[in-house]
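Visitor: based on what follows, work out the 3D shape:
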Amino acid sequence: DAVRALWKNGVYAESGMGCTGPIVMVNEEKVEKASDILAKEGYIS
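Guide: Coordinates of the predicted model:
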């Protein structure tokens, strides 16, 4: 769901599985924008 929220806002992302659970991967140049979007959508605080 978080990946789709980023796609809707023009940020390409992929999902994956990390050692401690699911992760969202984005280009390092888009990390700040992605973080802002995910916070606005309620996925991170």
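
Visitor: roughly how far apart are Val26 and Ala2?
Guide: 10 Å (Cβ to Cβ, to the nearest Å). Yep, even glycine has a C-beta here, placed from its N, CA and C like the rest.

Visitor: my bad, Tyr12
Guide: For Tyr12, the distance to Ala2 - Cβ to Cβ - is 13 Å.

Visitor: between these two, which has more neighbouring residues?
Guide: Ala2 (18 against 12; other Cβ atoms under 10 Å).

Visitor: could you measure from the residue nearest to Tyr43 when sequence neighbours are not counted over to Glu29?
Guide: Leaving aside its chain neighbours, Tyr43 sits nearest to Ala2 (4.6 Å; criterion: Cβ to Cβ, 6 or more residues apart in numbering). For Ala2, the distance to Glu29 equals 19 Å [Cβ to Cβ].

Visitor: next one: Trp7
Guide: Relative to Glu29, Trp7 is positioned 17 Å away (Cβ to Cβ).

Visitor: quick one: the helices in the chain?
Guide: For the chain, helices defined by DSSP state H occupy the ranges 2-8, 31-40.

Visitor: to Pro22, which of the ones you listed lies closest?
Guide: helix 2-8 (8.5 Å; Cβ to Cβ).

Visitor: let me see the mean pLDDT of that closest one.
Guide: Averaged across helix 2-8, pLDDT comes to 97.

Visitor: which residues does it contact?
Guide: Tyr12, Ala13, Glu14, Ser15, Val24, Val26, Ala34, Ile37, Leu38, Glu41, Tyr43 (Cβ atoms under 8 Å, 6 or more residues apart in numbering).
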